[in-house]
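Engineer: Turn this into a model:
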Amino acid sequence: MLLNLGRLLMLCVWGFLLVNVVHPYPKPLTYFINVALFFMIMMHGLQLVLLRATQTKDAPPIDRLTQAKVFLFGVFELVAWQKKHFPRKK
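Structural biologist: Sure thing, here's the model as predicted:
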């Protein structure tokens, strides 16, 4: 439930940042939003690179759809992916 809420909020953030590309906000604000968009792209790309780099040989492969979800949703998708593939043992 909370992961889905986080994904929804992340979509809202992406939407807010990308609206600035199509229809720029007033001048001082547009620079900050461009920096935030750049930072978001770099951080989510870094998360994806680190996920792929830390995969072991016996780990399940990461398909393109999962990679796109990790880039789009960031840590929320990483947590969901971890719960799916590496459940806790009680």
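
Engineer: CA atoms for contacts and neighbours, from now on please.
Structural biologist: OK.

Engineer: List the buried residues in the longest helix belonging to the chain.
Structural biologist: As assigned by DSSP state H, the longest helix anywhere in the chain is helix 27-53. Neighbour-count burial for helix 27-53, with 16 or more other C-alpha atoms under 10 Å as criterion, is recorded at 30, 33-34, 37, 40-41, 44-45, 47-48.

Engineer: quick check: mean pLDDT across that helix?
Structural biologist: Averaged over helix 27-53, pLDDT sits at 96.

Engineer: Quick check: which helices or strands does it pack against?
Structural biologist: helix 2-22, helix 64-73 (3 or more C-alpha pairs under 8 Å, 6 or more residues apart in numbering; DSSP states H and E).

Engineer: Does anything pack onto the last one? Which helices or strands?
Structural biologist: In this structure, helix 64-73 packs against helix 2-22, helix 27-53, helix 75-85, with contacts taken as 3+ C-alpha pairs under 8 Å, 6+ apart.

Engineer: now with 6 Å?
Structural biologist: On a contact count with 3 or more C-alpha pairs under 6 Å, 6 or more residues apart in numbering; DSSP states H and E, helix 64-73 meets no helix or strand.

Engineer: who touches that helix?
Structural biologist: Under the criterion C-alpha atoms under 6 Å, 6 or more residues apart in numbering, residues 7, 10, 44, 77 lie in contact with helix 64-73.
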